[in-house]
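**Student:** Here's a sequence, model it:
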Amino acid sequence: MSPRRTSKTTPSDDVYTMAEAARLKGVSYHTVSRAVRRGTLPAQRLGRMALITASDLQAWRPMRERAPKKYRRREPDQTAVPALIDLASGERVDLARQLALVIETNHELTRGEPLDAFLAFLAERFAQALGLSRVELWTVDATSGAWRRAARFPSSRQANDGALAPEATLAQWLPLAQATVQVAPGGAATPTEPTLIVAPLRVGADVFGVALGERDGGRLALASAQLQLAQALANQAALAMALDRGRSA
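**Tutor:** Numbering: from 1, shown residues only. Take a look at the predicted model:
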């Protein structure tokens with residue numbers, strides 16, 4: 001299948017790399033990169049790559065008078081072609097994003113950072129990947145009880161706010177095999193009750209605790225792929241805990 005060409009007057013779901021966007025607009029790569037960094041040119045991230053939709057690129061008006069003289073003389077190149085990714089399909093892009101996130105967390109894990117620092121990083125990525133306002137990573141032990149090892153709170157909340165679930169409920173969730181959506185403690189299974197995502201921190205048969213997340217106290221609607229991603233991240237937290245336990249033994 002040959003790549004589609006997009007004219008300046010016909011917006012589509014095609015996406016361009018920053019290099020192709022520069023060719024199409026007749027500006028330097030650095031001009032495009034600077035606009036993306038500043039937010040004046042919207043872009044969607046796929047790992048380390050920034051992708052720009054044809055409609056956003058058409059609407060963008062670069063400041064040519066501020067560019068070096070050699071770039072002001074450039075003419076737009078109408079032969080620039082979109083990247084071979086169709087954002088309308090969604091599934092492949094979402095999969096690539098998920099893989100990039102797991103690879104990123106793997107990289108952080110292998111750096112050997114202190115456990116608390118890695119778990120704080122993971123809580124932030126957990127929230128970003130699933131659109132959650134609050135995330136908590138809990139260690140639950142039969143002898144020591146439960147304690148919150150890391151959390152990500154919205155700016156309107158405080159780190160010493162009450163837990164998303166009582167200790168007894170955390171213990172009940174330990175046998176879960178995979179991430180799932182549960183009714184928030186104290187609620188009932190009705191269409192208006194708030195729900196949480198719950199993912200066991202599991203490495204093989206060993207369970208270290210649970211990861212919890214909410215979205216502004218409302219009901220969560222998560223696809224199967226999102227639940228799988230949540231469990232993959234929870235497994236990363238469990239692996240970090242297992243490695244830390246091994247180093248301390």
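
**Student:** so the nearest residue to Val27 once chain neighbours are set aside is in which element?
**Tutor:** Distances taken as Cβ to Cβ, 6 or more residues apart in numbering place Pro62 nearest to Val27, at 4.9 Å, with adjacent residues excluded. Just so you know, the C-beta spots here come from the backbone N, C-alpha and C atoms, and that holds for glycine as well. According to DSSP states H and E, Pro62 maps onto no helix or strand at all.

**Student:** hang on, isn't Pro62 packed against Thr31?
**Tutor:** Yes: the pair Pro62 and Thr31 qualifies as a contact (Cβ atoms under 8 Å) at a distance of 5.6 Å.

**Student:** between the two, what contacts are shared?
**Tutor:** Common contacts of Pro62 and Thr31, defined by Cβ atoms under 8 Å, 6 or more residues apart in numbering, comprise Lys25.

**Student:** ok, those two, which is more surrounded?
**Tutor:** Thr31 (23 against 20; other Cβ atoms under 10 Å).

**Student:** And the pLDDT for the residue nearest to Val27?
**Tutor:** You'll see Pro62 listed with a pLDDT of 84.

**Student:** Now do the same contact list for it.
**Tutor:** Applying Cβ under 8 Å, 6+ apart, the residues contacting Pro62 are Lys25, Val27, Thr31, Val32, Ala35.

**Student:** hmm, try it at 10 Å
**Tutor:** By Cβ atoms under 10 Å, 6 or more residues apart in numbering, Pro62 lies in contact with 21-22, 25-28, 31-32, 34-35, 40-41, 71.

**Student:** and if you look at Thr195?
**Tutor:** Going by Cβ under 10 Å, 6+ apart, Thr195 touches 180-184, 187, 189, 214-215, 217-222.

**Student:** What separation do you get for it and Leu212?
**Tutor:** Relative to Leu212, Thr195 is positioned 11 Å away (Cβ to Cβ, to the nearest Å).

**Student:** and Phe208, what are its phi and psi?
**Tutor:** Per-residue torsions, Phe208: phi -100, psi -20 (degrees, to the nearest 10).

**Student:** I'd guessed it sits against Leu243; true?
**Tutor:** No: in this structure, Phe208 is not within contact of Leu243 by Cβ atoms under 10 Å, at 11.2 Å.

**Student:** Now do the closest residue in space to Leu115 that isn't next to it in sequence against Leu51, distance only.
**Tutor:** Nearest non-adjacent residue to Leu115, counting by Cβ to Cβ, 6+ apart: Asp244, 4.3 Å away. Going from Asp244 to Leu51 by Cβ to Cβ gives 37 Å.

**Student:** Looking at these two, which one has more neighbours?
**Tutor:** When neighbours are counted by other Cβ under 10 Å, Asp244 and Leu51 differ, and Leu51 comes out ahead with 22 against 16.

**Student:** now the more buried one, what's its secondary structure?
**Tutor:** Classification of Leu51 using DSSP: H, G, I helix; E, B strand; the rest coil returns strand.
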